[in-house]
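K.L.:
make a model of this:
(one chain, ligands or ions: 1)
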Amino acid sequence: MWYDKGVGTVMKLLATVKPGFTSLSPDRNTVASFDREGRLYAYFKRGVAYRRSLASTVEVRWREGSRRRSRLTPTQAAELFAEAYAVAAQCRPHTDAAVRARLDEEILRWTPERLLGEAERFARVYKPISILPPDQYLSIVLQATEGCTWNRCTFCSFYQGRPFRAKSPEEFAAHAAAVRQFLGKGTLMRRGIFLADGNALALSQSRLESLMDIAAQAFPGEPVFGFIDVYTGERRPVEGWRRLADLGLKRVYIGMETGLDELLHFLNKPGSRDELVRFVSDLKAAALEVGLIVMIGAGGAEYRESHAEATLSAIAQMPLGRGDLVYLSPFIEQPGSMYIARRREAALTPLAEPEIESELKRLAESIRAMGIKAARYDIRESIY
Ligand code: SF4
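P.N.:
You can find the predicted model right below:
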């Protein structure tokens, strides 16, 4: 397949046709990828990566010394969509039958206006998806609950103004059906179900089992993932976790934040290091995978050493192995948060971004030396 750049140069068009997506690359600097409904989901141009969320917001990432990121305005997003679909249309004469079928039946049916209109469809199905673990950006999110059961950690603004609410089985079934319809063939590029919001796995055993059953009927055979905090998670006996594992629960993500109780208390996060170690042992006894999230830079310079030491020693006590992972998340102070007020009262010194990055690297190396996977988790890059 060949693509004429229109300047007399003939270059090879790389087209990827997979069951879950279609990708077109007319030159080495440009790649446009579409889901099986034909919706643009990623566009790459000259070192800048654009990701469209299901609500048609566009996150932009590039490197300029360090990692940079921004979000396009709706007008800029519409321009980008027009450009990406123009690239697809220009590729069409040079494609084979399989790619052309995808273009005609899926991709070229979209206009920038129609794609922007996905924001409204999204809002009819979902409350905003505030946060996901990085390995879950391409999952199918089902909101079993709204908000967080605790909602009082001083640093967290994910669910502010969203009181905790659990969906009834009927409401959840209707939600799962609406998600199914909204995603359409887009489900083909998604793997796993993420049970949102912040603490969906805190629901009672019988409620959770019935919701997981409904999720499995809507999306059969998909593994299930979700967040839980130590405080509520620890109350479920191992046997209960085992039953959830039998129903498809695969990995549980825990906002550990730190292994230092004093800092946990400062952050107003319930639980303790000992409770967390016991809880993780229970989850492992139930054959579940665990994802721990640690905040690098929380507590500032004064807590830097004690936070790192206590966190590493807590992780060393846990029976973690293959399939488990520790996410290291650069700490972001949310403007106007209670954390900032408390940090000022306590006269703590925030770490600068390069300090946080070098701390993150140091902890990642120590965790990997224990044989446990460690990865960076930037909450500013969360996208669904
Ligand atoms: S438990 Fe998690 S979601 Fe809830 S307030 Fe704390 S950090 Fe936020």
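K.L.:
which residues are in contact with the residue in the stretch 1-150 of the chain that the ligand sits nearest to?
P.N.:
Across the stretch 1-150 of the chain, the shortest distance to the ligand (C-beta to the nearest ligand atom) belongs to C148, at 3.3 Å. Every C-beta, even on glycine, is put in place using the N, C-alpha and C of the backbone. C148 is in contact with C156, F158, Y159, F164, D197, G198, N199, counting by C-beta atoms under 8 Å, 6 or more residues apart in numbering.
K.L.:
between the residues you listed, which is nearest R191?
P.N.:
Proximity of the contacts of C148 to R191 (C-beta to C-beta) peaks at D197, which lies at 20.2 Å.
K.L.:
show the contacting residues for the closest one.
P.N.:
Counting by C-beta under 8 Å, 6+ apart, D197 has contacts K127, S130, Q143, T145, E146, G147, C148, Y159, R162, F227.
K.L.:
not counting its neighbours along the chain, what's nearest the residue of the stretch 1-150 of the chain closest to the ligand?
P.N.:
Of all residues beyond its chain neighbours, the one nearest C148 is G198 (3.4 Å), with distances taken as C-beta to C-beta, 6 or more residues apart in numbering.
K.L.:
my read is that the one you found contacts Q143, right?
P.N.:
No - G198 lies out of contact with Q143 (C-beta atoms under 8 Å); the separation is 10.4 Å.
K.L.:
so these two - more neighbours on which side?
P.N.:
Shown here are G198 and Q143; by other C-beta atoms under 10 Å, G198 has more neighbours (26 against 22).
K.L.:
hang on, the earlier thing: and of the contacts of C148, the nearest to E365?
P.N.:
Taking those together and measuring to E365 by C-beta to C-beta, the closest member is C156, at 27.6 Å.
K.L.:
distance check, the closest one against I315.
P.N.:
Distance, C156 to I315, using C-beta to C-beta, to the nearest Å: 22 Å.
K.L.:
and what of Q90?
P.N.:
In terms of C-beta to C-beta, Q90 sits 51 Å off from I315.
K.L.:
before we move on, what about P354?
P.N.:
Distance of P354 to I315, computed by C-beta to C-beta: 24 Å.
K.L.:
those two: which has the busier surroundings?
P.N.:
Neighbour count, other C-beta under 10 Å: between P354 and I315, I315 has more, with 24 against 9.
K.L.:
in contact with the more buried one, which residues?
P.N.:
G259, L292, V326, I367, M370, I372.
K.L.:
and with 10 Å instead?
P.N.:
Going by C-beta atoms under 10 Å, 6 or more residues apart in numbering, I315 touches 256, 259, 276-277, 280, 292, 294, 324, 326, 363, 366-367, 370, 372, 374.
K.L.:
from the ligand, how far off is it?
P.N.:
19 Å (C-beta to the nearest ligand atom, to the nearest Å).
K.L.:
tell me which helix or strand that residue sits in.
P.N.:
Taking DSSP states H and E as the definition, I315 sits inside helix 300-317.
K.L.:
can you name the residues of the chain sitting close to the ligand?
P.N.:
Residues of the chain lying close to the ligand by C-beta under 6 Å from any ligand atom are C148, W150, N151, R152, C153, C156, F158, Y159, G198, D229, G255, K269.
K.L.:
out of those, who's nearest S23?
P.N.:
Looking across the residues of the chain next to the ligand and measuring by C-beta to C-beta, the closest to S23 is F158, at 32.1 Å.
K.L.:
what about the residue nearest to the closest one when sequence neighbours are not counted, neighbour count?
P.N.:
Once flanking residues are discounted, F158 sits nearest to S130: 3.9 Å by C-beta to C-beta, 6+ apart. Number of residues near S130 (other C-beta under 10 Å) recorded here: 19.
K.L.:
please apply the same query to the one 4 residues further on.
P.N.:
One way to gauge burial is a neighbour count; for P134, by other C-beta under 10 Å, it gives 17.
K.L.:
ok, for it, nearest residue in space, not its chain neighbours?
P.N.:
Y377 (5.5 Å).
K.L.:
which residues touch the one you found?
P.N.:
Listed by C-beta under 10 Å, 6+ apart, the contact partners of Y377 are 131, 133-135, 253, 291, 293-296, 325-330, 360.
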